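Trainee: Build me a model from this:
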Amino acid sequence: MASQRIFRRLVSDDESELKSISEEARPHIAANGVRQMAAQALQSVGDQVVNVKTVLPWLMTALGAPGGFVGLLVPIREAGSMLPQAAWAPRVRRRRVRKWVWVAGAAGQAAATAAMALVAATASGVVAGMGVLAALAVFALARSLSSIASKDVLGRTVPKGQRGQIKGTTTVASAAVALTLGLSLRAWGGDSAGNGVLAALLGAAALAWVGAAAIFATIREPAGGVDAPDADGPGWVAQSAELWRGEPVFRRFVIARALLLVSALSPPFVVTLGVQQGASGLSSLGLFVIAQGVAGLVGGRVFGRLADRSSRRLMIGASLAASAVILVFLGALRVPTLEESAWLAAAAYLLLALVHVGARLARKTYVVDIAEGDRRTQYVAVANTLMGVLLLAVGAGTAALAMVGAEFALLLLAMLGVAGAVVGRGLPEAEVAAERA
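Mentor: Alright, predicted model coming up:
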């Protein structure tokens, strides 16, 4: 079959890990793996357009929205997709087949992106800003559904030893899209791209999510058990608190993941310093999008395989590498011959984007591998909800420091990265943690 040939070319299998999924799922590993890679690749197409660090800020500026609205993009997108997940988890666990949760999330993201395209084509000023933020809030809520279901479906349909490679392959596909988009923006040049171009990009992104939903719906997911509601049992808040108190490995993982935010939160500050060096204009957006794409192409497959070998060691390495890049960048800014170099911020952004690919693949693979079944669903949901809270807290702290200077915010993030490596060293390997669970 074509799906088997494609899967074997992209993923190295390990038959010794087949026991990590049910017998019902084993005949469909290749087909399910290819379908998940295809659906997530299409999702990545949309993600490169609905990007709160690059494209959407440019869109807000082009529409004449107040500058303060731009500062709300990242908190709404990231925290909005994480905070609801612990509340969603009990509802998801009551479903025997979880792929439809992902499909519903993809449909919601398609609708929200289409609404952004409509705003870009018809509105301006405050109305446009409010419209984009409202659509982004809906987008984030829909994304929370896809996020909580994707890891569960992956864990049910693909054995250990192959999951990181699948995510790495989709990262490469996302990188290819980023390169194409970045080169296109460079070709258009300067500030010549109008609102119509951005609206068209958003419309294409909405269609990508429609295609992703259609493909994901064809996955052959084995039906799991149903977690029946318990009216007398603790609510999701109490269950989350119990998990935090009673699971030391999970608690340490969440702390380590929070400290890994160094690679997620530092790029905007690098861009800010780059703009201060003169890297402004729409063509500069193309440069940073290209850097994002190069990072994904270089790191996707490599870090995917490293994540399957030891996601714990990859998390530690990513924390230290991000901190090192920041410190070298800050040091280079103090060198008279380098402080005005146009390539300095772009190079630092590229390295941080590369490190972030490794960090994301490592923590996603680790949380999928340390638990099974509904326990995995709860781990993912509670971890993401807690991360939403921590993201707001860390984001507020770095934003406050950035008012003094972006360098101070970067220095704090570098310190957090070193602390993340220390915390990560205390984590057991995923296989050991799974045996203890």
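Trainee: On the three-state scheme, Leu427 is what?
Mentor: Taking DSSP: H, G, I helix; E, B strand; the rest coil as the rule, one finds Leu427 in the coil state.
Trainee: and it, how far is that from Gln40?
Mentor: From Leu427 across to Gln40, the span is 26 Å (Cβ to Cβ, to the nearest Å). To be clear about C-beta, it is placed using only N, CA and C from the backbone, and glycine gets the same treatment.
Trainee: So between these two, which is more surrounded?
Mentor: When Leu427 and Gln40 are compared for neighbours, Gln40 comes out ahead with 25 against 22, by other Cβ atoms under 10 Å.
Trainee: Help me confirm that the more buried one comes into contact with Thr170.
Mentor: Yes. Assessed by Cβ atoms under 8 Å, Gln40 is found in contact with Thr170 at 4.2 Å.
Trainee: Would you state the strands of this protein in chain order?
Mentor: Using DSSP state E, the chain contains no strands.
Trainee: Do I have it right that Ala345 meets Gly274?
Mentor: Yes. The pair Ala345 / Gly274 is scored as a contact, 2.9 Å apart, by Cβ under 8 Å.
Trainee: okay, these two: which has more neighbours?
Mentor: Per other Cβ under 10 Å, whichever of Ala345 and Gly274 has more neighbours is Ala345, with 28 against 23.
Trainee: got the residue ranges for the helices in the stretch 251-400 of the chain?
Mentor: Using DSSP state H, counting those that start in this stretch, the helices assigned to the stretch 251-400 of the chain run over residues 262-276, 282-333, 342-369, 373-404.
Trainee: So what's the model's average confidence on the longest one?
Mentor: Put plainly, it is helix 282-333. Averaging pLDDT along helix 282-333 gives 83.
Trainee: For it, which helices and strands make contact with it?
Mentor: If you count contacts as 3 or more Cβ pairs under 8 Å, 6 or more residues apart in numbering; DSSP states H and E, helix 282-333 packs onto helix 55-62, helix 163-188, helix 248-259, helix 262-276, helix 342-369, helix 406-425, helix 430-436.
Trainee: From Gly211, how far off is Ala200?
Mentor: Ala200 sits 17 Å away from Gly211, going by Cβ to Cβ.
Trainee: So for Leu136, which of the helices of the stretch 251-400 of the chain sits nearest?
Mentor: Closest approach to Leu136 among the helices of the stretch 251-400 of the chain (Cβ to Cβ): helix 373-404, 14.8 Å.
Trainee: Any buried residues in that closest one, and which?
Mentor: Residues 374-388, 390-391, 394-395, 398-399, 401-402 are the ones in helix 373-404 that count as buried (16 or more other Cβ atoms under 10 Å).
Trainee: joint contacts of Ala345 and Gly274?
Mentor: Jointly contacting Ala345 and Gly274 under the rule Cβ atoms under 8 Å, 6 or more residues apart in numbering is no residue at all.
Trainee: just to revisit the earlier point, just the helices of the stretch 251-400 of the chain: most buried one?
Mentor: Ranked by average neighbour count under the criterion mean count of other Cβ atoms under 10 Å, the helices of the stretch 251-400 of the chain are headed by helix 342-369 at a mean of 24.
Trainee: what is the mean pLDDT for that helix?
Mentor: 85.
Trainee: who does it touch, helix- and strand-wise?
Mentor: Helix 342-369 sits against helix 125-157, helix 163-188, helix 248-259, helix 262-276, helix 282-333, helix 373-404, helix 430-436, with contacts defined as 3+ Cβ pairs under 8 Å, 6+ apart.
Trainee: Of those helices, give the one that comes closest to Ala89.
Mentor: With Cβ to Cβ as the measure, helix 373-404 is the member of the helices and strands packed on helix 342-369 nearest Ala89 (3.5 Å).
Trainee: who does the closest one touch, helix- and strand-wise?
Mentor: Counting by 3+ Cβ pairs under 8 Å, 6+ apart, helix 373-404 packs on helix 73-82, helix 85-93, helix 125-157, helix 236-246, helix 248-259, helix 262-276, helix 342-369, helix 406-425.
Trainee: how much does the second one deviate in direction from helix 373-404?
Mentor: Interaxial angle, helix 85-93 versus helix 373-404 (axes from the mean of the first three to the mean of the last three Cα atoms, to 10 degrees): 160 degrees.
Trainee: Have a look at the protein and report the helix or strand with the lowest mean pLDDT.
Mentor: Lowest by mean pLDDT, DSSP states H and E among the helices and strands of the chain is helix 67-70, with a mean of 65.
Trainee: hang on, the earlier thing: switch the helices of the stretch 251-400 of the chain over to a markdown table; also include distance to Gln36.
Mentor: A markdown table is the format used below for the helices of the stretch 251-400 of the chain (distance: least, Cβ to Cβ, whole Å):
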| stretch | distance to Gln36 |
| --- | --- |
| helix 262-276 | 24 |
| helix 282-333 | 13 |
| helix 342-369 | 12 |
| helix 373-404 | 16 |
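Trainee: ok, back up a step: can I get the helices and strands packed on helix 282-333 in a markdown table with distance to Val34?
Mentor: Formatted as a markdown table, the helices and strands packed on helix 282-333 follow (distance: least, Cβ to Cβ, whole Å):
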| stretch | distance to Val34 |
| --- | --- |
| helix 55-62 | 29 |
| helix 163-188 | 9 |
| helix 248-259 | 29 |
| helix 262-276 | 29 |
| helix 342-369 | 18 |
| helix 406-425 | 32 |
| helix 430-436 | 24 |
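Trainee: Show me the one of these that comes nearest Ala2.
Mentor: The stretch from the helices and strands packed on helix 282-333 with the least distance to Ala2 (Cβ to Cβ) is helix 163-188; that distance is 16.1 Å.
Trainee: buried ones in the closest one?
Mentor: Per 16+ other Cβ under 10 Å, helix 163-188 contains these buried residues: 163-179, 181-182, 185-186.
Trainee: Next: stretch 238-256.
Mentor: Gln239, Ser240, Leu243, Glu247, Val249, Phe250, Arg252, Phe253, Val254, Ile255, Ala256.
Trainee: Hmm, Arg220 and Ala31 touching each other?
Mentor: Yes. The pair Ala31 / Arg220 is scored as a contact, 6.9 Å apart, by Cβ under 8 Å.
Trainee: quick one: which of the two has more around it?
Mentor: Shown here are Ala31 and Arg220; by other Cβ under 10 Å, Ala31 has more neighbours (19 against 15).
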